[in-house]
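**Student:** my questions are about this predicted structure, shown below with the sequence.
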2 protein chains.
Amino acid sequence: MTAQMTEEWLDAAFAALADPTRRAIVSRLAHGDATVSELAAPFAMSLPGISKHLKVLERSGLISRGRDAQFRPCHLEVGALDQTLDWISTHRQIWNERFDKLDAHLRGLRTGPDRRKGSGS
Amino acid sequence: MTAQMTEEWLDAAFAALADPTRRAIVSRLAHGDATVSELAAPFAMSLPGISKHLKVLERSGLISRGRDAQFRPCHLEVGALDQTLDWISTHRQIWNERFDKLDAHLRGLRTGPDRRKGSGS
């Protein structure tokens, strides 16, 4: 995957996750595959309404649909979810490393010559 | 934070991450605070263009701006980034647990009475 493809893929994946119904669908599919009717049941939403959300999720690669012509069960593509997780974790890690370095630096200052000693108290 | 506030917050945070320039800004800020000019430098983008992206990030809570009137340095709100990470990790974990259960079930079947034994080979 080229860097540009990755960027386009992340655009689509994060945009797909930026909706409460679509996140609820991902939540449901984490527990196991489900048909459109099963996914629609907990929502006050028509089947075409749910299908629209499923198309967004499918285009983003976060879910796939089975080939069974009648039911086409929806399946969470966990590898795709992992890529969004990797992106966020990497930046969380960079931030942590910076904080650890700062912490080590501050500890170094503290264990260095203490100018307060001998200042009389 | 109520469940509805969390949902609205996740909508805004994932939508903010669904853009390559905004992700690049988050990447840069993971390394340390930066002014708008410093953030704009690597992009072929005007300061107002960058400011627009910063407003989206600020509204989502992923970044905050300093109070220094002239520079207002941008700061990554890592706690906010963690909430997006938590949401994805939780669903990744649910998927894993399901997979582990399935795996244990299959192992159970394998270590159970093996009907192939004694079938003659």
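**Tutor:** Received the coordinates, thanks. Being a predicted model, the structure only gives us computed values, none of them experimental.
**Student:** how about the helices in chain A?
**Tutor:** Ranges of helices within chain A are A:3-17, A:20-30, A:36-40, A:47-60, A:78-111, based on DSSP state H.
**Student:** which of the ones you listed sits most buried?
**Tutor:** helix A:20-30 (a mean of 20; mean count of other C-beta atoms under 10 Å in any protein chain shown). Bear in mind the C-beta positions are built from the backbone N, C-alpha and C, glycine included.
**Student:** what's that helix packed up against?
**Tutor:** Packing partners of helix A:20-30 (3 or more C-beta pairs under 8 Å, 6 or more residues apart in numbering or on different chains; DSSP states H and E): helix A:3-17, helix A:36-40, helix A:47-60, strand A:63-65, strand A:74-76, helix B:3-17, helix B:78-111.
**Student:** pretty sure A:His75 contacts A:Gly61?
**Tutor:** No. In terms of C-beta atoms under 8 Å, A:His75 does not count as a neighbour of A:Gly61; the distance is 11.6 Å.
**Student:** A:Arg107 is nearest to which of the helices and strands packed on helix A:20-30?
**Tutor:** Within the helices and strands packed on helix A:20-30, the stretch nearest A:Arg107 is helix B:78-111; the backing value is 20.6 Å (C-beta to C-beta).
**Student:** so what's A:Glu58 up against?
**Tutor:** In this structure, A:Glu58 makes contact with A:Ser64, A:Arg65, judged by C-beta atoms under 8 Å, 6 or more residues apart in numbering or on different chains.
**Student:** now do it, the pLDDT please.
**Tutor:** Each residue has a pLDDT score; the one for A:Glu58 is 97.
**Student:** what do you get for A:Gly118?
**Tutor:** A:Gly118 is assigned 48 on the pLDDT scale.
**Student:** again, but for the one 3 residues further on
**Tutor:** As predicted, A:Ser121 sits at a pLDDT of 41.
**Student:** again with A:Lys55
**Tutor:** In this prediction, A:Lys55 carries a pLDDT score of 96.
**Student:** quick one: the lowest-mean-pLDDT helix or strand in chain A near chain B?
**Tutor:** When the helices and strands of chain A are scored by mean pLDDT, DSSP states H and E, helix A:78-111 comes last with a mean of 89. Yes. Judged by C-beta under 8 Å from any C-beta of the partner chain, helix A:78-111 comes into contact with chain B at A:78, A:81-82, A:84-85, A:87-89, A:91-92, A:94-95, A:98.
**Student:** I figured A:Thr21 hits A:Ala44, correct?
**Tutor:** No. With contact defined as C-beta under 8 Å, A:Thr21 does not reach A:Ala44; the gap is 10.4 Å.
**Student:** distance to B:Leu57 for the helices and strands packed on helix A:20-30 - can I get that in a markdown table?
**Tutor:** Listed next are these as a markdown table, based on distance: least, C-beta to C-beta, whole Å:
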| stretch | distance to B:Leu57 |
| --- | --- |
| helix A:3-17 | 13 |
| helix A:36-40 | 32 |
| helix A:47-60 | 21 |
| strand A:63-65 | 28 |
| strand A:74-76 | 28 |
| helix B:3-17 | 5 |
| helix B:78-111 | 10 |
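**Student:** right, so of these, which gets closest to A:Arg110?
**Tutor:** Ranking these by proximity to A:Arg110 (C-beta to C-beta) places helix B:78-111 first, at 23.8 Å.
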